[in-house]
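>>> Have a look at this fold, sequence not included:
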């Protein structure tokens, strides 16, 4: 053997020895991937218009740079929609991946408590080795399950308070945070949990959830004067007359007619008893309870004055959340966790920020139907991506499970949007979404309704006290002020939408007649507003 061949032989033996003795250094397709951490950030009632990444009518006056950063470094979804626009039911759908009528949690008011024994994505992550925690707002009645640690806002309504918040923590312990604001407490507790978590070698899933910007919009220290000298712009439909939309006309959520003294922080007289104080604060909730801070104000001036006070407080608590999100993102950067952590920012539903002259949510109209969704996952999602894919809140569970490498159970009704995140989808996930709202009559007298939304059209049916239909062409009428259901030119379109709507109801196991739905709603009202399945 010549020297040249001998040299090649030695090199071959050397490489073979390395492969045989130290395979860990040679990457292969069988090398296990490190599971990603998951940070799920959720606010309450955060409308798209109040997130500057969405470039709504408030973007320039009240920017949200830290929340925007998540979308700038990842993806912004323009059509994440909720299945039932109210706090508790949306949260139940998020963690179960199932519609309200399947997970059993239909409504907040008198709807009973969430069945905590059922399958949820936090439980599935926990079973797969994730260290799990939820800190902040929970609002499902029963104590959280599927979490190694929890510290959630606690009071009889399940909403918690902004100041002096009371929390229930692991082991059913009650903690009162005297002299503190809930946003600050939730931020500090979440970061401290990450710093001190017990299973450092395991991936984590943290649900980081704020009360803000839910009513009564009480800003924390340092935010009270934010926007004080700014006149906030009015939305296009601020003076909507609800023509052709009877259910909208009858709802109790008008800024001019249903916003009370406490909402706009009018100081009560001194010396009132607790009962008298409650009556004084709540004056304005009901039709006909009009009041003005100045007797010389016209109706228009009163409405605009109330709006300016309401919207500034709303944006102040949003500013507090944005800063808290910024502190969390900074911690991820400094701790080295950012690279392998999926960051999700969303809210349980949208909210009316003066659109249609309203506050609150519930209706299937765009402002409350839409949930913000911004997702960052370094090296997996291209920065600055924007998606118009039709998504639903039941899609969170299968998506997060898929990202964690966990098989999605077949009974989950949502669809994973991982192909959208990775820009690998061959066709849209869905052509239409189904929506259903139940809570009636309290608190805002919004008629129970269901409907279908496609990329362009929306068809809504109010089925209880009224039998009304609404049809909107979102391309021609993005603000939904022109109900074209009774236009004979739309007969074929309506027929097609109704057919597709019935198909969706069957797909999601809600194949009930309107009479059965009415019966279910009446049982709900008769039994202290608890929804019962219809026979």
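That came through, no problem. Note that this is a predicted model, so its numbers are computed, not measured. Numbers count the residues shown, from 1 in each chain.
>>> Mind giving me the packing neighbours of the longest helix anywhere in the chain?
For the chain, the longest helix by residue count, based on DSSP state H, is helix 299-335. Using 3 or more CB pairs under 8 Å, 6 or more residues apart in numbering; DSSP states H and E, the elements in contact with helix 299-335 are strand 37-43, helix 65-72, helix 182-196, helix 255-258, strand 341-347. In this view, the C-beta of every residue, glycine as well, is placed from N, C-alpha and C.
>>> tell me which residues in it are buried?
Neighbour-count burial for helix 299-335 flags 302-326, 328-329, 331-332 (criterion: 16 or more other CB atoms under 10 Å).
>>> can you state the direction angle for it and strand 341-347?
Put simply, helix 299-335 runs at 170 degrees to strand 341-347, going by axes from the mean of the first three to the mean of the last three CA atoms, to 10 degrees.
>>> could you give the angle of helix 299-335 to helix 65-72?
Going by the same axes, to 10 degrees, helix 299-335 makes 70 degrees with helix 65-72.
>>> Helix 299-335 vs strand 37-43, what angle?
170 degrees.
>>> Give the rounded mean pLDDT of helix 299-335.
Per-region confidence: helix 299-335 scores 97 on mean pLDDT.
>>> Give me the contacts around stretch 400-418.
33, 35-36, 38, 40, 96-99, 102, 119, 121, 124-125, 128, 130, 203, 205, 342, 344, 377, 389, 391-399, 421, 429-430, 508 (CB atoms under 8 Å, 6 or more residues apart in numbering).
>>> if you look at the residues you listed, which of them are in helices?
96, 102, 121, 124-125, 396-399, 421.
>>> Among those, which has the minimum pLDDT value?
Where pLDDT dips furthest among the ones in helices among the contacts of stretch 400-418: residue 421, at 93.
>>> rewinding a little: quick one: which of the ones in helices among the contacts of stretch 400-418 is nearest to residue 370?
Nearest to residue 370 out of these is residue 396 (CB to CB; 15.0 Å).
>>> Could you give the number of residues near the nearest residue to the closest one once chain neighbours are set aside?
Once flanking residues are discounted, residue 396 sits nearest to residue 94: 5.1 Å by CB to CB, 6 or more residues apart in numbering. If you count neighbours by other CB atoms under 10 Å, residue 94 ends up with 27.
>>> Does the helix or strand where residue 94 lies pack against any helices or strands, and if so which?
Residue 94 is part of helix 87-96, with elements assigned from DSSP states H and E. When contacts are defined as 3+ CB pairs under 8 Å, 6+ apart, helix 87-96 sits against helix 100-103, helix 121-127, helix 396-403.
>>> So what's the gap between the second one and the chain middle?
What it means is helix 121-127. When C-alpha coordinates are averaged (CA atoms, centre = their mean, to the nearest Å), helix 121-127 and its chain have centres 20 Å apart.
>>> following it, which helix or strand comes up?
Following helix 121-127 toward the C-terminus (DSSP H and E): strand 131-136.
>>> State the mean pLDDT of that following strand.
On average, strand 131-136 scores 98.
>>> chain center to that strand, what's the gap?
Put simply, strand 131-136 sits 17 Å off its chain's centre (CA atoms, centre = their mean).
>>> Same question for stretch 313-327.
That offset, for stretch 313-327, works out to 16 Å (CA atoms, centre = their mean).
>>> Roughly how far does residue 419 sit from residue 223?
40 Å (CB to CB, to the nearest Å).
>>> coming back round to it: pick out the shakiest of the helices and strands packed on helix 299-335, pLDDT-wise.
Among those, helix 255-258 scores lowest, at a mean of 92.
>>> who's in contact with the following helix or strand past that one?
The C-terminal neighbour of helix 255-258 among helices and strands, as given by DSSP H and E, is helix 274-282. Helix 274-282 has contacts (CB under 8 Å, 6+ apart) with 260-262, 268-269, 272.
>>> roughly how far is the longest helix of the chain from the heart of the chain?
Relative to where its chain is centred, helix 299-335 has its mean C-alpha point 16 Å off (CA atoms, centre = their mean).
>>> Now do that helix and helix 182-196, the angle between them.
Going by the same axes, to 10 degrees, helix 299-335 makes 10 degrees with helix 182-196.
>>> begin at 743 from here
Got it, the first residue is 743 from now on, which makes the last one we talked about helix 1041-1077.
>>> ok, now how distant is the closest residue to residue 940 other than its chain neighbours from residue 1084?
Excluding the flanking residues, the one nearest residue 940 by CB to CB, 6+ apart is residue 873, at 7.0 Å. Computed as CB to CB, the residue 873 to residue 1084 distance reads 15 Å.
>>> and residue 974, what is it in contact with?
Counted by CB under 8 Å, 6+ apart, residue 974 has contacts 800, 803-804, 1049-1050, 1053-1054, 1057.
>>> How confident was the prediction at the nearest residue to residue 1198 once chain neighbours are set aside?
Leaving aside its chain neighbours, residue 1198 sits nearest to residue 1217 (5.2 Å; criterion: CB to CB, 6+ apart). If you check residue 1217, the pLDDT there is 98.
>>> how close does residue 1217 sit to residue 1172?
19 Å.
>>> where does the stretch 843-992 of the chain have low pLDDT?
852-853, 898-899 (pLDDT under 70).
>>> what about the strands in it?
Using DSSP state E, counting those that start in this stretch, the strands found in the stretch 843-992 of the chain span residues 873-878, 891-895, 908-911, 915-918, 946-951.
>>> Torsion angles phi and psi at the nearest residue to residue 927 once chain neighbours are set aside?
Once flanking residues are discounted, residue 927 sits nearest to residue 919: 4.9 Å by CB to CB, 6+ apart. With angles defined as degrees, to the nearest 10, residue 919 sits at phi -100, psi 80.
>>> Report the separation between residue 919 and residue 931.
Residue 919 is 9 Å from residue 931, by CB to CB.
>>> Residue 1226 versus the residue nearest to residue 1198, what's the distance?
12 Å.
>>> Those two: who's more crowded?
residue 1226 (17 against 9).
>>> quick one: that one and residue 1215 touch, right?
Yes. At 6.4 Å, residue 1226 counts as touching residue 1215 under the criterion of CB atoms under 8 Å.
>>> and residue 831, what is it in contact with?
825, 842, 847-850, 853, 1180.
>>> Quickly name whichever of those is closest to residue 1193.
Nearest member of the contacts of residue 831 to residue 1193, counting by CB to CB, is residue 825, at 11.1 Å.
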